[in-house]
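> The sequence isn't on hand, but the structure is:
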């Protein structure tokens, strides 16, 4: 299982991700440890969270697949003139579909931004997928909006937006419910700012990966948990 968690807060967006991606090649699959799954794009005040299959087919017939992380770094390098998340995510969909054949597995790319259009400070999250669902057949990439551009809403922005395999959302919901109940019993509220929420999400990612390993229903997901904070006031994106 690979996991990316995203949460909209009052002062920005927090993200956390484990360091594993699943590679599907020929007749086998394996978990790659150490993948960088949070990639910043400073000109658009955006961060890309990548999950799912770790490779894209090589356009050259017979050549080995290309690591998704390297592909996205190449795109971000040539997309330095793009200044908003709408254009960034739209151009990325076009670029992937134009330059790479259909992947063997489902690939997801969450594009979170604190500047949706021009210089107006707001938050938006798009999801790019090469399938209509995580259990569907891979096809061409499409863009979905999973958090429309706008100001923080205390009710609508309560959920954690999870990305990963079929079980990701279930585990996040179950563990979050347990943490919420614990907060009610102890009287300690959950963090509502991006910096503290990022640290909290990192603990949640590690807890879920440890549960998977202990229950032996997935391959081990060791390695560091990375976090990203997108600051609404300044538009600065930091990845740790």
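Perfect, thanks for sending it. Note that the structure is predicted; figures quoted are calculated from it, not measured.

> In the protein, where is pLDDT below threshold?
Low-confidence segments of the chain, defined by pLDDT under 70: 1, 20-35, 116-119, 212-223.

> Show me which helix runs longest in it.
In the chain, assigned by DSSP state H, the helix with the most residues is helix 194-215.

> List the strands paired with the helix or strand following it, with their directions.
Of the helices and strands lying after helix 194-215 in sequence (DSSP states H and E), the nearest is strand 226-231. Using DSSP bridges, the strands paired with strand 226-231 are strand 12-17 (antiparallel), strand 237-239 (antiparallel).

> Tell me how far the residue positioned nearest the centre of the chain lies from residue 197.
Closest residue to the average C-alpha location of the chain: residue 49 at 2.8 Å, with C-alpha atoms, centre = their mean. For residue 49, the distance to residue 197 equals 15 Å [C-beta to C-beta, to the nearest Å]. Bear in mind the C-beta positions are built from the backbone N, C-alpha and C, glycine included.

> try residue 74
31 Å.

> between the two, who's got more neighbours?
Ranked by neighbour count (other C-beta atoms under 10 Å), residue 74 and residue 197 place residue 197 first, with 27 against 13.

> out of everything not next to it in sequence, what's closest to that one?
Among residues not flanking residue 197 along the chain, residue 14 sits closest, at 4.0 Å (C-beta to C-beta, 6 or more residues apart in numbering).

> Break down the chain into its strands, ranges please.
Along the chain, counting by DSSP state E, strands occupy 3-9, 12-17, 20-25, 28-33, 38-41, 46-52, 55-56, 66-67, 107-113, 123-129, 142-150, 161-164, 226-231, 237-239.

> Deepest in the core, which of those is it.
Comparing these by mean neighbour count (mean count of other C-beta atoms under 10 Å), strand 12-17 comes out on top with a mean of 29.

> Please list all residues in contact with the residue nearest to residue 197.
6, 7, 194, 195, 197, 198, 200, 201, 227, 228, 229, 230 (C-beta atoms under 8 Å, 6 or more residues apart in numbering).
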